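Novice: quick one, what's the 3D model for this:
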Amino acid sequence: MIWQFASRYFRAKKSTNAINIIAWVSVVAIAVGAGALIVILSVFNGFEGLVRSLYSSFYPSVKVSPVTGKTILLTPAQLQQIKAVPGVAHISRIIEERAVLSYGEDKTIAVLKGVDSQYNEVTSVKDKVVTGRFDTGNEDAYRAVLGIELEAALGIDIEHSSAPVDVYVPRRTAGSFMVPNEALNNGYLVPTGAFAIQQEFNSKYVITHIDFMRKLLEFSPDEISALEISSTAGTDANALKGRLQDLLGNRFRIQTRYEQNQALYAIMHTEKWAVYVILSFILVIAAFNMIGSLSMLVIEKRKDITILKAMGARQQLIMRIFLAEGLIIAGIGAAFGFGLGALVCFIQQRFGIIKLEGASFLVDAYPVSMHPGDFGLVSITIIVIGLAASWYPAKKAAAEGVELKAT
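Specialist: Next up, the predicted model:
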């Protein structure tokens, strides 16, 4: 009965046309707010998915590194135990260190990352090579795969030149840097490929053979900087982390992919929630229209309220009718907004109408990804705002006195 009264009040022609106009203005305002929220949240989802895919191609599912210092010792027996842990698919030993690169007259500082033969099973950097090929060489000739921006910074022409890059790293036993030849170890690498993932990696990393790094840094056979691990399909990263922590103890830092990039993901989530809160004010503005529309409707239906009370209707029933009226306005606006937002997102996904400015992006148009959870969140927001906007007019309607006149 409550919804019947409320829907009839919404559809019925009012004595004052302004009431209808204000009600539909409220519907339009809520529709615009709901649609904008869906579109913006979907764009954030798209960027988040893009960033996750880019970072997952470079960062492993789980990483084992030292709690203190720069290196860890893992014996072949320990590596076999790690491989046997449920959920572990592949492991790759890593030796990583900053170095000075020199190519002709150009010099720069980069991070050298020595990897073993299992590295391409742990990450998908190989799939991101855009020039040349992924080849780290062997003991006969060590090679390197550079970030594409690092390649440009050094002026390397991978496709037409095989000139080596000189590499300099501090010697572990050096007591003084006054004599460079005694303080630095030197080697050279032949560039064979360039990868393009994300600027942070493209301008920073050089991937080479682990044996080159071991000789250059004078590491022992069991000494590495980190161990990168890929997980089997369906394995929970946190559960795998717990099993590895139980096996290796507290001497090792074990991080999931999320923890390796925790600051980045935290910033992305914060930005998304900040935009959600800001755009929710559009719905709050629409709520003021609802308050005006429902307040005028209460005045319009004062006679109906009096008759209902005379027939025995309690204040709670009257209040629920006008609360339901507010929810109908909010619901119609939400339905239109969801439809509009979903249509805009679908068109963007299909045709990429809105392009990204600049030529440095890996995608041409704004990425969009609609999530059911966003529709649920916006729905709850609209319901809360609709109830809040309807509460005062509904309370005022419930407080109306019975003033039937005798005829």
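Novice: now do stretch 121-134: everything it contacts.
Specialist: Contacting residues not belonging to stretch 121-134 are listed as 56-61, 89-92, 119-120, 145, 148, 151, 158-159, 191-197, 207, 228-230 [Cβ atoms under 8 Å, 6 or more residues apart in numbering]. (C-beta placed from N, C-alpha, C; glycine too.)
Novice: excluding chain neighbours, give the residue nearest to the most centrally placed residue in the chain in space.
Specialist: The residue lying closest to the centre of the chain (Cα atoms, centre = their mean) is Glu48, at 2.8 Å. Distance criterion Cβ to Cβ, 6 or more residues apart in numbering; nearest residue to Glu48, sequence neighbours excluded, is Met268 at 5.4 Å.
Novice: for Ile332, see how far away the one you found is.
Specialist: Applying Cβ to Cβ, to the nearest Å, the value for Met268 to Ile332 is 33 Å.
Novice: below-threshold pLDDT in the stretch 251-400 of the chain: ranges please.
Specialist: Applying pLDDT under 70 to the stretch 251-400 of the chain picks out residues 358-362, 400.
Novice: what ranges do the strands span in the stretch 251-400 of the chain?
Specialist: Using DSSP state E, counting those that start in this stretch, the strands of the stretch 251-400 of the chain run over 252-256.
Novice: list buried residues within the contacts of stretch 121-134.
Specialist: By neighbour count, with 16 or more other Cβ atoms under 10 Å, the contacts of stretch 121-134 hold 57-61, 90-92, 119-120, 145, 148, 151, 158, 191-197, 207, 228-230 as buried.
Novice: restricted to helices, list these.
Specialist: Assigned to helices by DSSP state H, the following of the buried ones among the contacts of stretch 121-134 qualify: 119-120, 148, 151.
Novice: and which of these is nearest to Gly249?
Specialist: Among those, Tyr119 lies closest to Gly249 (Cβ to Cβ), at 25.5 Å.
Novice: identify the residue spatially nearest to that closest one, adjacent ones excluded.
Specialist: Excluding the flanking residues, the one nearest Tyr119 by Cβ to Cβ, 6+ apart is Ser92, at 4.5 Å.
Novice: the one you found against Lys113, yeah?
Specialist: No. With contact defined as Cβ atoms under 8 Å, Ser92 does not reach Lys113; the gap is 10.5 Å.
Novice: any idea what the residue nearest to Leu154 when sequence neighbours are not counted is bridged to?
Specialist: Nearest residue to Leu154, sequence neighbours excluded (Cβ to Cβ, 6+ apart): Tyr103, at 4.3 Å. Going by DSSP bridges, Tyr103 is paired in beta bridges with Asp106.
Novice: which residues are in contact with Tyr103?
Specialist: Going by Cβ under 8 Å, 6+ apart, Tyr103 touches 154-156, 163, 165-166.
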